[in-house]
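Undergrad: Need a 3D model of the following:
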Amino acid sequence: MGKFDPYEIDLRGMNADTCDYAFLLDHQFFAEIDGPEVRKGKVQVELNVRKTSHAFELNFLLDGVVWVPCDRCLDDVELPLSSTDKLTVKLGSDYAEEGDNLIVIPEEEGVINVAWYMYEFIALTIPMKHVHAPGECNEEMSSKLNKYLRMTPEEDQETGEGEDKEDSEEGADKAIDPRWSELRKILDNN
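TA: Numbers count the residues shown, from 1 in each chain. Presented below is the predicted three-dimensional model:
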């Protein structure tokens, strides 16, 4: 028995028009799927499979929490998630992905493994920015980051690091490009 066998749905063997499944995706699931975004979590998934005249509609309801590395301090950030997603599956001659959330699986198999699709739905629910709330980042890591964070050429001159003497004289003559000021505002918001 494979590690993802419990997530196989036998569509061809469905006797009723609808079937319900429940999965608990825990740390072991995320470790085994070895996806790049999420390494740990606890997500409850309710799956409703409905047979229509020409396809199968798989409706996923995901609710739980995942832990991902903080973009600033690299400690784990707890992110709650709640999502509803839909996948349409048709039986055909060969496996294919057509359009948004439309999958064709070989009719002779008639089985779809939903493990990776559940992982993808979870990964798509996670915000792009993974950061702790203000003041909750690892203080040691934040202080190291601030130590090496260069804001302006003047700060380098104060610490004696960075450019050599010739470059610093040329840099002092040039005005700071206003675009850098705007970028600093973005950095300060993080």
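Undergrad: buried residues in stretch 83-98?
TA: 83, 85, 87-91 (16 or more other C-beta atoms under 10 Å). (Each C-beta comes from the backbone N, C-alpha and C, glycine too.)
Undergrad: Where do the helices of this protein begin and end?
TA: Secondary structure of the chain (DSSP state H): helices located at 27-33, 115-125, 139-148, 153-159, 165-173, 178-189.
Undergrad: what bridges to residue 79?
TA: residue 66 (DSSP bridges).
Undergrad: just to revisit the earlier point, between the helices of the chain, which gets the lowest average pLDDT?
TA: Mean pLDDT per stretch puts helix 165-173 lowest among the helices of the chain, at a mean of 48.
Undergrad: Tell me the spacing between the residue positioned nearest the centre of the chain and residue 33.
TA: With distances taken as C-alpha atoms, centre = their mean, residue 123 lies nearest the centre of the chain, 3.3 Å away. In this view, residue 123 and residue 33 are 10 Å apart by C-beta to C-beta, to the nearest Å.
Undergrad: Kindly compare burial across the helices of the chain and name the winner.
TA: Highest mean neighbour count among the helices of the chain (mean count of other C-beta atoms under 10 Å): helix 115-125, with a mean of 18.
Undergrad: Select, out of the helices of the chain, the one closest to residue 11.
TA: Minimum separation from residue 11 across the helices of the chain (C-beta to C-beta) falls at helix 115-125, 13.5 Å.
Undergrad: Return the distance of the closest one from the chain's centre.
TA: A distance of 8 Å separates the centroid of the chain from that of helix 115-125, by C-alpha atoms, centre = their mean, to the nearest Å.
Undergrad: ditto for stretch 117-126
TA: Distance of stretch 117-126 from the chain centroid (C-alpha atoms, centre = their mean) equals 7 Å.
Undergrad: With stretch 126-135 instead?
TA: Worked out by C-alpha atoms, centre = their mean, stretch 126-135 lies 12 Å from the chain centre.
Undergrad: pLDDT on that stretch, on average?
TA: Stretch 126-135 comes out at a mean pLDDT of 86.
Undergrad: which residues sit against stretch 51-58?
TA: 9, 11, 14, 16-18, 47-50, 86-90, 112, 114, 117 (C-beta atoms under 8 Å, 6 or more residues apart in numbering).
Undergrad: tell me the mean pLDDT over that stretch?
TA: What stretch 51-58 shows for mean pLDDT is 91.
Undergrad: List the buried residues for that stretch?
TA: So, applying 16+ other C-beta under 10 Å, buried residues of stretch 51-58: 55-56, 58.
Undergrad: Residue 4: which of those is nearest?
TA: The closest of these, once distances to residue 4 are taken by C-beta to C-beta, is residue 58, at 15.9 Å.
Undergrad: For the closest one, give its distance to residue 47.
TA: 6 Å.
Undergrad: Tell me the residues that contact both of those two, please.
TA: Common neighbours of residue 58 and residue 47 (C-beta under 8 Å, 6+ apart) are 9, 114.
Undergrad: Spell out which residues make up each domain of the chain.
TA: Domains of the chain are assigned by automatic domain parsing as 5-125, 150-189.
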